[in-house]
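Trainee: make a model of this:
(chains A and B, ligands or ions: 2)
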Amino acid sequence: MNAFNNIFFIALPYAALLMFLVGTIYRYKATKFKFSTLSSQFLETKKLYWGSVPFHWGILFVFFGHLIAFLFPSYILLWNQVPVRLAILEVSAFIGGVVALIGLAGLFYRRITNDRLRKVTNYMDLILEVLLLVQIFLGLWVAYGFRWGSSWFATVLSPYLTSIFTFNPQIDAVAMLPFVIQLHIILAFVIFMIIPFTRLVHVLVFPLSYLWRPYQKVIWYWDRKKVRNPNTSWDIHRPRNN
Amino acid sequence: MDVRSQIAMVFHLDKCIGCHTCSIACKNIWTDRKGAEYMWWNNVETKPGTGYPTKWEDQDIYKGGWKKNGEEKISLRGSGKYKGLLNIFHNPYLPVLDDYYEPWTYKYLDLIESPAGDDQPTARPVSLVTGKPIDIKSGPNWDDDLSGTPEYARQDPNLKNLSKAEREAMFQLEKMAMFYLPRICNHCLNPACVASCPSGAIYKRGEDGVVLINQKVCRAWRMCVTACPYKKSYYNWNTGKSEKCILCYPRLEAGHAPACMHSCVGRIRYLGVLLYDADKIEEAASVPEEELIDSQLDLILDPFDEEVIRNAKENGIADSTLKAAQTSPVYKFVKEWGLALPLHAEYRTLPMLFYVPPMLPIMASLSQTDDTEQAKKLDPIAKFWDKHHRYDTTSKSIMQTVEQARFPVKYMANLFGTGTEGKIIQVLKKQLAVRIHRRSVTVGDIDKEITKDTLTEVKLTPEIADDIYYLTSLAKFDDRFNIPPAHREQALEMLEYTGDAKGSSGFGFKEVPQRGL
Ligand code: SF4
Ligand code: SF4
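Mentor: Ligands and ions are numbered 1, 2, ... in the order given. Modelled structure (predicted):
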């Protein structure tokens, strides 16, 4: 079992992190044109509404739940001290997961049944959608079967993840978790790892900066005041846009 | 005063023959690619008609452009910071492929490769999206020349405030009229597409005002498609990037006219520089609807004004560009002569493409003349009526016909006058006056007094009328297209060692534009 634990809870997360970093940076730098959400709404819009909207809001809710539990475990524990609050948290997270699952199942069905969409579907899309479906399903299973997730996440997984990020992996606790939970964790690393090879990259470029930029945008190709004096030598750096 | 220069255009609608050469020229160069088959950066639609995409002018459906409620600041109708980001997972106002048409081709190979049989082989239409046989339901210019009138022309959103009687009159067979409306991106001063792009991929070029989408930054959030009220930003379903008319900027920079303009058979198109005051853009876009056209025209500066020239120079506008602004045919049509108007100024994007509204559907009043004398001189087999209707050019009533046009002025006003008729009538009268003047010069059958009166009524002198006539009818290529040098050499010097750029296309885009994972 030791080898299993070492591979999946030490090697895999680091491999995933490395692959994610190198992959996305390379992809962003070298193949920027391919950074896109690849929206298919233009080809089919009605079913998309019933899939995309619940999926996105659901998964965002659940994702940020995980993130908060990882970053501020003590607050989660504090919140969970009151049973009603615990119930509210668990139930709303579960609903979020169910909504995401239904939405994604709808999206998957839409993608494989529509002729037009099949033309814009590649293997990676299908792999990703199946992985996500399984992952959300596992997550719901875990939430339902091993209560209360939010509390033990804060006590078991947050320290584990912190230990990964501080390069001092402590896997004793994770190694003892039930297999379903372990699978959920492993799959999370796998999905994280393949981000640069899927359309998931669009998450990384979510345009929040839109909120604070001015509406209009004007770019000057050249500035006469800065045009090089032909009598000087070439000492300016190559600009970024070329 | 923040003086900037803008490449602007005038389309003289009376001269458009609806040949679609412009659309084809554009398609062959720019949109003959997978995912772009359905796009027509330049399209020509028949008016009345629903256009492309169907009913694009109906902003209740597509929510394009800017809106202004009372004293509020202008805001994007269907997108913008909050609405855009909230609708990002599903944009309810996005036109879809079927609103344009599903592009197709034919299985031509079946014609020659089918095995021998009892029937003639046929080439079935197959979709260019799915590759499967389709039933063609609509296509580019499906309603060309008023075909399918009940479905299309009668559904024209511009008919909205016409009375039932007026509409019926428009579609009586004997009275039916139409004209063509060629459309490209207007390269607006207050572009809604730029404002709506969450990624900030769309921008206006400072030097010449061309509005472009950076293909490396676009992430298919598809807000620009909704925001552009003219529906001139298109989504490429294959690459997952939006695309739009680039005003053939590589050609412009090399001193060539854009392909659609260069190829225009009717020679309806003019292109030149306008100087404008960028400080006043927001203000100009925010005035009440009836004042929009005037406020937009007020943005355009007089290129002969000392103050303007000084400010322009301070802003780094080249002398050659200033010279081009002074000789710009667009400036003449739009400002000096007041003959060209923006299309749907009420969308508040301050479009920089102006149209000379067509005279075509306006008839002069008719008078009966006795042609018996004339008939006697003709060969007996020549068919001749002794009583004949002639255009009445002898009476003053000639100007009345504008108001009594068989094509309701109100309809034109919905297109070019933000719904008010004053501007349109003025422009049409001016055009009529020029014709009367020229007729009196060349044919001489119009009373001199009448000619003089008509000209003074619209505040034209015979000299100006002659200029208008020249630029309208006789203008040569270089009169119609006055393209300032782009000074690419200076831009290049600023960027890099010029030796490096020798022999390159200058696009600076080295990646294969392939769909990502
Ligand atoms: S017409 Fe062109 S510049 Fe104006 S909003 Fe539409 S795409 Fe943008
Ligand atoms: S080429 Fe010119 S005349 Fe022909 S349709 Fe286009 S704009 Fe009209």
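Trainee: okay, CA-based contacts and neighbour counts for the rest of this
Mentor: Will do.
Trainee: can you read off the pLDDT for residue 125?
Mentor: By default, I'm working from chain A. pLDDT recorded at residue A:125 is 94.
Trainee: was after chain B, sorry
Mentor: Per-residue pLDDT puts residue B:125 at 96.
Trainee: who touches the closest residue to it other than its chain neighbours in this structure?
Mentor: Nearest in space to residue B:125, with sequence neighbours left out and distances taken as Cα to Cα, 6 or more residues apart in numbering or on different chains, is residue B:106 at 4.3 Å. Counting by Cα atoms under 8 Å, 6 or more residues apart in numbering or on different chains, residue B:106 touches B:123-126.
Trainee: in the stretch 251-400 of chain B, which residue sits closest to chain A?
Mentor: Across the stretch 251-400 of chain B, no residue is closer to chain A than residue B:316, which sits at 5.6 Å (Cα to the nearest Cα).
Trainee: the host helix or strand of residue A:183: how far from the chain's middle?
Mentor: Using DSSP states H and E, residue A:183 falls within helix A:179-194. Chain-centre distance of helix A:179-194: 12 Å, with Cα atoms, centre = their mean, to the nearest Å.
Trainee: what residues does it touch?
Mentor: Contacting residues not belonging to helix A:179-194 are listed as A:8-9, A:12-13, A:15-17, A:19-20, A:128, A:131-132, A:135, A:138-139, A:142, A:174-175 [Cα under 8 Å, 6+ apart].
Trainee: let's see that with 7 Å instead.
Mentor: Outside helix A:179-194, the residues within contact range by Cα atoms under 7 Å, 6 or more residues apart in numbering or on different chains are A:8, A:12-13, A:16-17, A:19-20, A:135, A:138-139, A:142.
Trainee: ok, those residues vs ligand 1, which is closest?
Mentor: Comparing the contacts of helix A:179-194 against ligand 1 with Cα to the nearest ligand atom places residue A:20 closest, at 35.9 Å.
Trainee: off-centre distance for the helix or strand containing the closest one?
Mentor: Element membership for residue A:20 (DSSP H and E) is helix A:12-30. From the chain centre to the centre of helix A:12-30 is a distance of 13 Å (Cα atoms, centre = their mean).
Trainee: pull that helix out as CSV, backbone CA atoms only.
Mentor: Output of helix A:12-30 as CSV, limited to C-alpha atoms (Å, rounded to 0.1, in the frame of the first residue of the first chain):
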residue,chain,number,x,y,z
LEU,A,12,0.8,12.6,-8.5
PRO,A,13,0.1,16.0,-7.0
TYR,A,14,3.6,17.2,-7.8
ALA,A,15,3.4,15.9,-11.3
ALA,A,16,0.0,17.5,-11.7
LEU,A,17,1.3,20.8,-10.4
LEU,A,18,4.4,20.7,-12.7
MET,A,19,2.4,19.7,-15.7
PHE,A,20,-0.2,22.4,-15.0
LEU,A,21,2.3,25.1,-14.6
VAL,A,22,4.6,24.2,-17.5
GLY,A,23,1.7,23.2,-19.7
THR,A,24,-0.4,26.4,-19.3
ILE,A,25,2.5,28.7,-19.4
TYR,A,26,3.7,27.1,-22.6
ARG,A,27,0.3,27.1,-24.1
TYR,A,28,-0.3,30.7,-23.2
LYS,A,29,3.0,31.8,-24.6
ALA,A,30,3.3,29.7,-27.7
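Trainee: about what we covered before: phi and psi next, for the residue nearest to residue B:125.
Mentor: phi -120, psi 150 (degrees, to the nearest 10).
Trainee: same question, residue B:44
Mentor: Backbone geometry at residue B:44, expressed as degrees, to the nearest 10, gives phi -120, psi 120.
Trainee: got a list of what residue B:333 touches?
Mentor: B:339-340.
Trainee: repeat that with 10 Å
Mentor: B:9-12, B:270, B:339-341, B:354-356, B:468, B:471-472 (Cα atoms under 10 Å, 6 or more residues apart in numbering or on different chains).
Trainee: narrow these to those in strands?
Mentor: Here DSSP state E is the test, and the contacts of residue B:333 give B:9-12, B:270, B:341, B:354-356 as lying in strands.
Trainee: possible to save these as a markdown table with distance to residue B:51 and neighbour count?
Mentor: Listed next are the ones in strands among the contacts of residue B:333 as a markdown table, based on distance: Cα to Cα, whole Å; neighbours: other Cα atoms under 10 Å in any protein chain shown:
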| residue | distance to residue B:51 | neighbour count |
| --- | --- | --- |
| B:9 | 21 | 29 |
| B:10 | 20 | 25 |
| B:11 | 17 | 25 |
| B:12 | 19 | 23 |
| B:270 | 23 | 28 |
| B:341 | 19 | 29 |
| B:354 | 18 | 23 |
| B:355 | 17 | 25 |
| B:356 | 19 | 25 |
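Trainee: next, format those as CSV and append distance to chain A and pLDDT.
Mentor: As requested, those are exported to CSV (distance: Cα to the nearest Cα, whole Å; pLDDT from 0 to 100):
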residue, distance to chain A, pLDDT
B:9, 20, 97
B:10, 23, 97
B:11, 26, 97
B:12, 29, 96
B:270, 25, 97
B:341, 24, 96
B:354, 22, 97
B:355, 25, 97
B:356, 29, 96
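Trainee: just to revisit the earlier point, which parts of the helix holding residue A:183 are buried?
Mentor: By neighbour count on 16 or more other Cα atoms under 10 Å in any protein chain shown, the buried set for helix A:179-194 is A:181-194.
Trainee: taking helix A:12-30 as reference, get the angle to it.
Mentor: Calculated by axes from the mean of the first three to the mean of the last three Cα atoms, to 10 degrees, helix A:179-194 forms an angle of 20 degrees with helix A:12-30.
Trainee: what average pLDDT does helix A:179-194 get?
Mentor: 96.
Trainee: what is the nearest of the contacts of residue B:106 to ligand 1?
Mentor: residue B:126 (30.2 Å).
Trainee: got the residues of the stretch 351-500 of chain B near ligand 1?
Mentor: Taking Cα under 6 Å from any ligand atom as the criterion, ligand 1 has no neighbours within the stretch 351-500 of chain B.
Trainee: residue boundaries of the strands in the stretch 351-500 of chain B?
Mentor: For the stretch 351-500 of chain B, applying DSSP state E, counting those that start in this stretch gives strands covering B:353-356, B:366-370, B:387-391.
Trainee: before we move on, what about the stretch 51-200 of chain B?
Mentor: According to DSSP E, counting those that start in this stretch, the strands that the stretch 51-200 of chain B contains are B:66-67, B:75-76, B:104-106, B:125-127, B:179-183.
Trainee: tell me which of these lies nearest to ligand 2.
Mentor: For the strands of the stretch 51-200 of chain B, proximity to ligand 2 was assessed by Cα to the nearest ligand atom; strand B:179-183 is nearest, at 5.4 Å.
Trainee: neighbours of residue A:93, how many?
Mentor: When neighbours are counted by other Cα atoms under 10 Å in any protein chain shown, residue A:93 registers 22.
Trainee: and what of the one 4 residues further on?
Mentor: As a burial measure, residue A:97 scores 26 neighbours (other Cα under 10 Å).
Trainee: now it. Nearest residue, chain neighbours left out?
Mentor: Spatial nearest neighbour of residue A:97, chain neighbours left out: residue A:58 (6.0 Å); criterion: Cα to Cα, 6+ apart.
Trainee: closest to residue A:220 among the contacts of residue B:106?
Mentor: residue B:126 (44.5 Å; Cα to Cα).
Trainee: quick one on the thing from earlier: pick out whichever of the buried residues of helix A:179-194 sits closest to residue B:263.
Mentor: Nearest to residue B:263 out of those is residue A:194 (Cα to Cα; 49.1 Å).
Trainee: check the spacing between the closest one and residue A:57 real quick.
Mentor: 22 Å (Cα to Cα, to the nearest Å).
Trainee: with residue B:329 instead?
Mentor: Taking Cα to Cα, one finds residue B:329 at 53 Å from residue A:57.
Trainee: between the two, tell me which one has more neighbours.
Mentor: residue B:329 (27 against 17).
Trainee: surely that one and residue B:339 touch.
Mentor: No - judged on Cα atoms under 10 Å, residue B:329 makes no contact with residue B:339 at a distance of 11.6 Å.
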